[in-house]
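Engineer: Have a look; sequence and predicted model below, questions after that.
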Protein chains: 2
Amino acid sequence: MSLKHAILGFLNMKPFSGYDLWKLFNGSVNNYWSATHTQIYKALSELAEEKMVEVEVIQQESAPNKKIYHLVGLGKKELIAWLKTPLSLPPVRDKFLVQFSFSDALDDRDIIRNIESYIKRVEEKLNNLKSGHYTDYLKFARSKREKFLWENTLKHGIQSYENELRWLKGCLRGFKKSFTGSDKK
Amino acid sequence: MSLKHAILGFLNMKPFSGYDLWKLFNGSVNNYWSATHTQIYKALSELAEEKMVEVEVIQQESAPNKKIYHLVGLGKKELIAWLKTPLSLPPVRDKFLVQFSFSDALDDRDIIRNIESYIKRVEEKLNNLKSGHYTDYLKFARSKREKFLWENTLKHGIQSYENELRWLKGCLRGFKKSFTGSDKK
DNA sequence: ATGAGATATGAAACATATTGCATATACAAT
DNA sequence: ATTGTATATGCAATATGTTTCATATCTCAT
């Protein structure tokens, strides 16, 4: 499970609670993995069973008690081993492309509407990434090297969505040019 | 389930058996969705239960019997409705980026090795896509519009992997320039 | 004061995907 | 002769992910 490795990776920086980790994941502080809180709590209790992490309970009055998870020897070993394993490309599973490639069953107008609506979503995402909300955590990098890795991870997201947008706009232009006028299949 | 919609999309072109569909999916004729044969057979029997498709059994002597699935009214309606629904961006879940962003725990050499190994995999994939193995089915397009959609779906794959490669090579160059020499963290 | 939202955790049910096993025939290559 | 590959289907177990529900306190705004 790669979620567990992502958690071990975070805990290698410093101890976190499940709630902290959820915010790190969802707040898209880094934009390469998403997870729900339920998933994270479950993974953490499994990691504790597997002796990869240790729990420290913090009594709190201002809010419910916290469980802080610490990375221990076995977990660190597992993390390093995983970080060194060569990964293969993830399987592609893109709903939009499924929709797009079967769209000959639709009217021209519906096809154009779909592309335009998806363009809007990608643009929103891109503005969000570029807005700088997500550059704050770069300050917490503990070395130039770590900062380099984080900056480039962020850049990956921006570059990917820019590329997606380029493709979408090219499609829209091409489609309108070739098929507008004949608005029924 | 989007797998079911992809299946309905294929059956809208012409009737297929589960085995045919598996080849269409895995043979990466189109490169935007992957599925195992087990998954496909299960989805087909569920679609039959839901009255979206109908089964026709073909007796064969040269090979085991075939079940050919036909799209019927209800399935066609469901397909058209789904094709028109605006989709949101898929969640990002990229193992390589998880590995990359936590790699400060590794030596320079291991980081470089990881990037180089991933570059090779992306290049293989790209050569594969560009080789033209997957352009044959474009001939089966029944309209200029359908051909346009399929060509652009293929182009999406190529453009995405080219973009990935650009990013990877930029990272590698940047990393070597900034950190080579100090080979321990 | 009343409700919304943040903090904090987790069980249970459901949905989806992967891996391994199982079966059976035909044809081509070694 | 035997191995491998293609055809053709599907069950069972496991892994992974999402959604819904449940609980409990504090703070801030209306």
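Structural biologist: Perfect, thanks for sending it.

Engineer: drop to CA atoms for contacts and neighbour counts, all remaining ones
Structural biologist: Will do.

Engineer: Identify each buried residue in stretch A:80-100, please.
Structural biologist: Burial within stretch A:80-100, assessed by neighbour count using 16 or more other C-alpha atoms under 10 Å in any protein chain shown, is assigned to A:80, A:83-84, A:86-87, A:93-100.

Engineer: ditto for stretch A:72-82
Structural biologist: Buried residues in stretch A:72-82, defined by neighbour count with 16+ other C-alpha under 10 Å: A:72, A:75, A:76, A:79, A:80.

Engineer: now what about the helix or strand hosting the fourth one, what contacts it?
Structural biologist: What that stands for is residue A:79. Assigned by DSSP states H and E, residue A:79 falls within helix A:73-84. Helix A:73-84 is touched from outside by A:5, A:8-9, A:12, A:51-53, B:99-100, B:102-103, B:105-106, B:110, B:114, with contacts defined as C-alpha atoms under 8 Å, 6 or more residues apart in numbering or on different chains.

Engineer: helices or strands up against whichever helix or strand comes after that helix?
Structural biologist: Next along the chain after helix A:73-84, taking DSSP H and E as the criterion, comes helix A:95-101. Using 3 or more C-alpha pairs under 8 Å, 6 or more residues apart in numbering or on different chains; DSSP states H and E, the elements in contact with helix A:95-101 are helix B:2-13, helix B:73-84, helix B:144-179.

Engineer: rewinding a little: touching DNA strand D at all, the helix holding residue A:79?
Structural biologist: No - counting by C-alpha under 7 Å from any atom of the strand, DNA strand D has no neighbours in helix A:73-84; the shortest distance is 13.0 Å.

Engineer: tell me the mean pLDDT over that helix?
Structural biologist: The pLDDT scores in helix A:73-84 average 96.

Engineer: And for stretch A:110-119?
Structural biologist: 97.

Engineer: What are the buried residues along it?
Structural biologist: A:110, A:111, A:112, A:113, A:114, A:115, A:116, A:118, A:119.

Engineer: Same question for stretch A:33-51.
Structural biologist: Residues of stretch A:33-51 classed as buried by neighbour count (16+ other C-alpha under 10 Å): A:33, A:34, A:35, A:37, A:40, A:41, A:43, A:44, A:45, A:47, A:48.

Engineer: Would you mind listing where chain A has pLDDT under the threshold?
Structural biologist: A:27-30, A:61-64, A:181-185 (pLDDT under 70).

Engineer: at 50 instead, please
Structural biologist: Counting by pLDDT under 50, the ranges of chain A that qualify are A:182-185.

Engineer: Smallest gap between chain A and DNA strand D, at which residue?
Structural biologist: Of all residues in chain A, residue A:1 sits closest to DNA strand D, at 3.3 Å by C-alpha to the nearest atom of the strand.

Engineer: if we can go back for a sec, how big is the angle separating the helix holding residue A:79 from helix A:2-13?
Structural biologist: If you take axes from the mean of the first three to the mean of the last three C-alpha atoms, to 10 degrees, helix A:73-84 sits at 110 degrees to helix A:2-13.

Engineer: now helix A:73-84, how far from the centre of its chain.
Structural biologist: Taking the mean of its C-alpha atoms, helix A:73-84 sits 22 Å from the chain's own mean (C-alpha atoms, centre = their mean, to the nearest Å).

Engineer: Equivalent analysis for stretch A:25-42, please.
Structural biologist: 8 Å.

Engineer: Can you give me the end-to-end span of that stretch?
Structural biologist: Terminal residues of stretch A:25-42 lie 15 Å apart, using C-alpha to C-alpha, to the nearest Å.

Engineer: can that stretch be found next to chain B?
Structural biologist: Yes - residues of stretch A:25-42 are located near chain B by C-alpha under 8 Å from any C-alpha of the partner chain, namely A:31, A:32, A:33, A:34.
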